[in-house]
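Chemist: sequence? don't have it. structure:
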Ligand code: ATP
Ligand code: MG
């Protein structure tokens, strides 16, 4: 026997019994996001590796150690996308979308070679938005309000909003100098990774996941003390807008993001329910990125949420993906007529979830399959029903006698069922 092949570690199949939950989340997210006038963009999973080096930053976890990068047979250096922003920005530049503000969203698989654990996978899925061409705190507020609306739509209550401002380039440079001074003074308390970061990208030290560094990081200088007039005003207006909208947040003066392109506003939505993998959504402003990738110098803001982490939080017990009905048709004549009848029912009842029995067998064995399918109704087409233009209709869950219904009566029964849901 040949060896059985398995999925790659950290990459998961979503089996049919779980997909309804994914679809539920995706449907809700799409409805909320498109409700704000955002339009979906789909970009390739593979991009030139250079795109991610130039956008995310050479000295980041993602580019240094997490990216699936390789040379293809033609010698091109490619990478599976580790995030969605770089591809969206590349596409917007390439297709000349930057003449006017763009509100874009995307969804799909991302790839990072991390150590797999709950909430951290090597193929995972994000839904994200990118706004290109708008600079003010009003649009920052819009994307944050959108995330809150999404949590409401998903019935999520216990998420906390953490907020910070990274200031602009020169402000961050001044902060960086102060931070380096502080970290050097406490170098003995740093781990090897952070010591290396201190030389290459000191702000990254603040993003360390090592709990032993938590106190040292908490006592580090605060970014907010280094903001200039304009950055401070931007941040204050955003905070005022959040207050007015009743969006509760707390300011985390040492919140930075794992990617280099952020400036000014950064935020994360965090839960306590998922342990170390508590950030379900992260975003912020990245005003320099579009120009850095060769486009017009337009400001930008966006976020990405982690689908797997959110699915871990949502109570989906009420979702019922079972079929509405299962059509049982024993005997040659009935089974020959069943496909036509099933199609007529599907024509008449939009959204009907109807499974037609295939493969023959006795009434008893077909009925067993109907029961096992989880359907609410068994529809029975026997010789007699066929002659009379009727169908038997038997509830499979709860009480209820079998009834014989005319085609029209059955259509109205099924339509009512669909309406009630
Ligand atoms: P973390 O700090 O948890 O590593 P990150 O800062 O690398 O997250 P982002 O690049 O900002 O994450 O991605 C946005 C969101 O995507 C995260 O908040 C998280 O919900 C999700 N995410 C990121 N990496 C993974 C992963 N490897 N597996 C599952 N979800 C992920
Ligand atoms: Mg990460």
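Modeler: Sure, I can see it. Everything numeric here is computed off the predicted structure, so don't read it as measured data. Ligands and ions are numbered 1, 2, ... in the order given.
Chemist: ok, residue 397 - contacts?
Modeler: residue 376 (C-beta atoms under 8 Å, 6 or more residues apart in numbering). Any C-beta I mention is one placed from the backbone N, CA and C, and that applies to glycine too.
Chemist: how about residue 77?
Modeler: Taking C-beta under 8 Å, 6+ apart as the test, what residue 77 contacts is 48, 49, 50, 69, 70, 71.
Chemist: can you give me the distance of it to ligand 1?
Modeler: According to C-beta to the nearest ligand atom, to the nearest Å, residue 77 stands 22 Å off from ligand 1.
Chemist: same question for residue 385.
Modeler: From residue 385 across to ligand 1, the span is 51 Å (C-beta to the nearest ligand atom).
Chemist: surely that residue meets residue 392?
Modeler: Yes: Residue 385 is within contact range of residue 392, at 6.0 Å (criterion: C-beta atoms under 8 Å).
Chemist: hey, what's in contact with both of the two?
Modeler: Going by C-beta under 8 Å, 6+ apart, residues that sit against residue 385 and also against residue 392 are residue 404.
Chemist: in the stretch 251-400 of the chain, what residue comes closest to ligand 1?
Modeler: residue 306 (2.3 Å; C-beta to the nearest ligand atom).
Chemist: spit out the contact partners of the residue lying closest to that residue once chain neighbours are set aside.
Modeler: Counting by C-beta to C-beta, 6 or more residues apart in numbering, residue 306 lies nearest to residue 280, which is 5.6 Å off, once chain neighbours are set aside. Neighbouring residues of residue 280 by C-beta under 8 Å, 6+ apart: 159, 269, 270, 271, 274, 305, 306, 309, 310, 313.
Chemist: one more: residue 157?
Modeler: So residue 157 contacts residue 151 (C-beta under 8 Å, 6+ apart).
Chemist: just confirm it is within a helix.
Modeler: No: if the criterion is DSSP: H, G, I helix; E, B strand; the rest coil, then residue 157 is coil and not within a helix.
Chemist: please verify my assumption that residue 102 contacts residue 129.
Modeler: No: using C-beta under 8 Å, residue 102 makes no contact with residue 129, being 10.4 Å away.
Chemist: the more surrounded of those two?
Modeler: Set residue 102 next to residue 129 and count neighbours by other C-beta atoms under 10 Å: residue 129 wins out with 26 against 19.
Chemist: past whichever helix or strand the more buried one is part of, which element shows up next along the chain?
Modeler: Using DSSP states H and E, residue 129 maps to strand 123-132. Sequence order places helix 137-153 as the next helix or strand after strand 123-132, per DSSP H and E.
Chemist: close to ligand 1, is that following helix?
Modeler: No: shown here: helix 137-153 not in contact with ligand 1 (C-beta under 6 Å from any ligand atom), separated by at least 11.3 Å.
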